[in-house]
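> Based on what follows, work out the 3D shape:
(4 chains)
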2 protein chains.
Amino acid sequence: MERASPPVPGPDAFWSCESYVVVVTPGTPTTQRSQAVTLEQPTLEAACEAIADGLEREALVTVFGRCTVDYDGRASSTLEAGDRHVMLKPDGAALVHTDEGQQPVNWQPPGCDHDVRCDGGADGESDPELILESVRSTPDERLCVRFEEVLQVSTFFGADENELALSGTEEDLRQRILDEPALLETGFTPLATERDTPAGAIDIYGEDAAGRSVVVELKRRRVGPDAVSQLRRYVDALERDLHADAAVRGFLVAPSVTDRATRLLSDHGFEFVPLEPPAE
Amino acid sequence: MERASPPVPGPDAFWSCESYVVVVTPGTPTTQRSQAVTLEQPTLEAACEAIADGLEREALVTVFGRCTVDYDGRASSTLEAGDRHVMLKPDGAALVHTDEGQQPVNWQPPGCDHDVRCDGGADGESDPELILESVRSTPDERLCVRFEEVLQVSTFFGADENELALSGTEEDLRQRILDEPALLETGFTPLATERDTPAGAIDIYGEDAAGRSVVVELKRRRVGPDAVSQLRRYVDALERDLHADAAVRGFLVAPSVTDRATRLLSDHGFEFVPLEPPAE
DNA sequence: CGTGCCAGGTGCCCT
DNA sequence: AGGGCACTTGGCACG
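Residues are numbered from 1 along each chain as shown, chains lettered A, B, ... in the order given. Next up is the predicted model:
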């Protein structure tokens, strides 16, 4: 069950720890950019060794098998035995996935130290197990996955130079209004974005045609009461900040608004402008 | 590159579609509860077949390789070629992970239809690719992952009957106060939880020793201005609801509070009670 | 299915 | 490191 020492990707691989040039297989003389090495149904000891090796080499490591999971930190949790998929990332993140849900059942954020060891079984007192631990501080948090059986261990090396290009965000919506202020109201003049107040930063601050102060709160999607409260905080704070008697107008800009939020808007004398982030 | 048809787990496996009894390997006559089947460096066609088979059998399927990712729905995004880890869950969830971050770079929530196909290459006009598509409606969203190279395909079958036991939640904090109302204030009497108002539901509604109405907002962790705004909404709404002149007292219960939130609390005449969810 | 809100939210940016 | 907030937030419970 000895497996070849996995080569490490070249210098442009973003998750390499060092630069190597390695021959993967006789007859494969090129530098491997990416690679996946897999153990199937390994012993716990072999799995442990492969995982330790993968972590050492800054690989992305996955483990599938029957395990229990314990977490303690900001909250605490336990999960009895079952088959789950565990992913350990070289940046210190850990994910435990069941076969359901988009969210991991347990996890650890980037910045953790991963540790793996085999324990028990020798003295016959306890069942043998493979223990995966991810620990961090600030806050102190510990995730512990104990495998009684490992069905697969994989280590992945790869290269990924590109970043996600996302559109349809609140930032895009803001830009749309700054490009064409009349979308808010004829005569509107933006004066600042992220204008700071004692209650937080105003998305867009400006003036209407009559020179009255305007606070604009932006939301990329349909909004509820919380967005109205937010606008309320900023308008209140600005009125105090300006210590002026002139009323400050509050605008909520979003694709749509719920009934309750509509009611709250009207209670506070705020205005709603239906507008979406650009589609492209 | 022909691989054995993967057995499907027994009736207690929660992600089986049907019940089979299968002999995995000659000499392994028992029903397999869990299994991991892996292809390394498959052709795109072989990968496609394995993925299609895994999806068909309600397995958890992972694919690692060089791909581009396009998403369109509530927002839209593109991601140029790189090596990523894709997980397809039998409940319809899809996750695309790079080697960094706890969050997937792209994803699709449960309830999607996964589809896989091979395309191009035959006519020489376009490079051959393996296309993974996850689609849902309400809202209409589409995720498309195009692999130019697949380094690994795995299909996982497993059993997981146990659910996560979590403690340290807001619910635990609420129970703590209901068990010992004096933790809020001597003489406090809880009257209702989740009491509905036009502005939303009040975590705990009750009376103080003098019979004045009390609104309690709970947070399991340190809070900022948003929690104060929330409390404000409920107190306002309750005062209108009761159409009484008697002032309603507002309490914020949390482990701690930020400076800005402290300021806002004092502005509104609310009180803060430092309290944590029980540790166990 | 929409509304409202908690979450071990996470991630990003700013001080 | 802590604060404030957006997020394709996800997830749940309720009308």
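> hey, let's count contacts and neighbours off CA atoms from now on
OK.
> list the contacts for A:Val87?
Val isn't right for residue A:87; it's Met. Listed by Cα atoms under 8 Å, 6 or more residues apart in numbering or on different chains, the contact set of A:Met87 reads A:Leu60, A:Val61, A:Thr62, A:Val63, A:Ala94, A:Leu95, A:Val96.
> which of those residues lies closest to chain B?
Using Cα to the nearest Cα, the shortest approach to chain B within these belongs to A:Leu60, at 6.2 Å.
> Tell me the spacing between the closest one and DNA strand C.
Per Cα to the nearest atom of the strand, to the nearest Å, A:Leu60 is found 15 Å from DNA strand C.
> My guess is that residue contacts A:Gly92. True?
No. The criterion here is Cα atoms under 8 Å, and A:Leu60 misses it with A:Gly92 at 9.9 Å.
> hmm, back to that, out of the contacts of A:Met87, who has the most neighbours?
The residue in the contacts of A:Met87 with the most neighbours, by other Cα atoms under 10 Å in any protein chain shown, is A:Ala94 (30 neighbours).
> OK, contacts around that residue?
A:Ala94 makes contacts with A:Val86, A:Met87, A:Leu88, A:Trp107, A:Gln108, A:Pro109, A:Pro110, A:Ser134, B:Gln102, as judged by Cα under 8 Å, 6+ apart.
> Identify the residue of chain A closest to DNA strand C, quick one.
Residue of chain A nearest DNA strand C, by Cα to the nearest atom of the strand: A:Asn106 (3.4 Å).
> Now tabulate the contacts of A:Ala94 in TSV and tack on pLDDT and distance to B:Thr193.
Converted to TSV, the contacts of A:Ala94 look like this (pLDDT from 0 to 100; distance: Cα to Cα, whole Å):
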residue	pLDDT	distance to B:Thr193
A:Val86	99	38
A:Met87	98	40
A:Leu88	98	41
A:Trp107	98	31
A:Gln108	98	33
A:Pro109	98	33
A:Pro110	98	37
A:Ser134	98	38
B:Gln102	98	35
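> Taking those, tell me the two that lie furthest apart.
A:Val86 and A:Pro110 (14.5 Å; Cα to Cα).
> So which of these two has more stuff around it?
Neighbours per residue, other Cα under 10 Å: of A:Val86 and A:Pro110, the larger number sits with A:Val86, 23 against 18.
> can you put the contacts of A:Met87 in CSV and add secondary structure?
Formatted as CSV, the contacts of A:Met87 follow (DSSP: H, G, I helix; E, B strand; the rest coil):
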residue, secondary structure
A:Leu60, strand
A:Val61, strand
A:Thr62, strand
A:Val63, strand
A:Ala94, strand
A:Leu95, strand
A:Val96, strand
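> Could I get those residues in CSV, plus columns for distance to A:Tyr71 and pLDDT?
Below are the contacts of A:Met87 laid out as CSV (distance: Cα to Cα, whole Å; pLDDT from 0 to 100):
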residue, distance to A:Tyr71, pLDDT
A:Leu60, 21, 98
A:Val61, 20, 98
A:Thr62, 19, 98
A:Val63, 18, 98
A:Ala94, 12, 98
A:Leu95, 12, 98
A:Val96, 11, 98
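> Next secondary structure element downstream of the longest strand along chain A?
With secondary structure taken from DSSP state E, chain A has its longest strand at strand A:141-157. The first helix or strand that comes after strand A:141-157 along the chain, using DSSP states H and E, is strand A:165-167.
> what's that following strand in contact with?
Residues contacting strand A:165-167 (Cα under 8 Å, 6+ apart): A:Pro278, A:Ala279, A:Glu280, B:Ala75, B:Ser76, B:Ser77, B:Thr78, B:Leu79.
> if you look at the helix or strand just after that strand, does any of it touch chain B?
Of the helices and strands lying after strand A:165-167 in sequence (DSSP H and E), the nearest is helix A:170-179. No. Using Cα under 8 Å from any Cα of the partner chain, helix A:170-179 never reaches chain B; the gap is at least 10.3 Å.
> Give the partner strands of the helix or strand just after helix A:170-179 in its sheet and their orientations.
Using DSSP H and E, the helix or strand that follows helix A:170-179 towards the C-terminus is strand A:189-197. With DSSP bridges as the test, strand A:189-197 is paired with strand A:200-207 (antiparallel).
> what about dumping the CA coordinates of stretch A:119-128 to PDB?
This file holds the C-alpha atoms of stretch A:119-128, laid out as PDB (Å, rounded to 0.1, in the frame of the first residue of the first chain):
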ATOM      1  CA  ASP A 119      -4.600   6.400  18.500                       C
ATOM      2  CA  GLY A 120      -5.800   3.400  20.500                       C
ATOM      3  CA  GLY A 121      -6.100  -0.200  19.500                       C
ATOM      4  CA  ALA A 122      -2.700  -1.200  20.700                       C
ATOM      5  CA  ASP A 123      -3.600  -1.900  24.300                       C
ATOM      6  CA  GLY A 124      -7.000  -3.300  23.400                       C
ATOM      7  CA  GLU A 125      -8.700  -0.900  25.800                       C
ATOM      8  CA  SER A 126     -10.000   1.500  23.200                       C
ATOM      9  CA  ASP A 127     -10.900   1.000  19.500                       C
ATOM     10  CA  PRO A 128      -8.300   2.300  17.100                       C
END
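> and that stretch, what's its mean pLDDT?
Here stretch A:119-128 scores 78 as its mean pLDDT.
> Show me how far that stretch is from its chain's centre.
Computed by Cα atoms, centre = their mean, to the nearest Å, the chain-centroid distance of stretch A:119-128 equals 38 Å.
> Many thanks, we can stop here.
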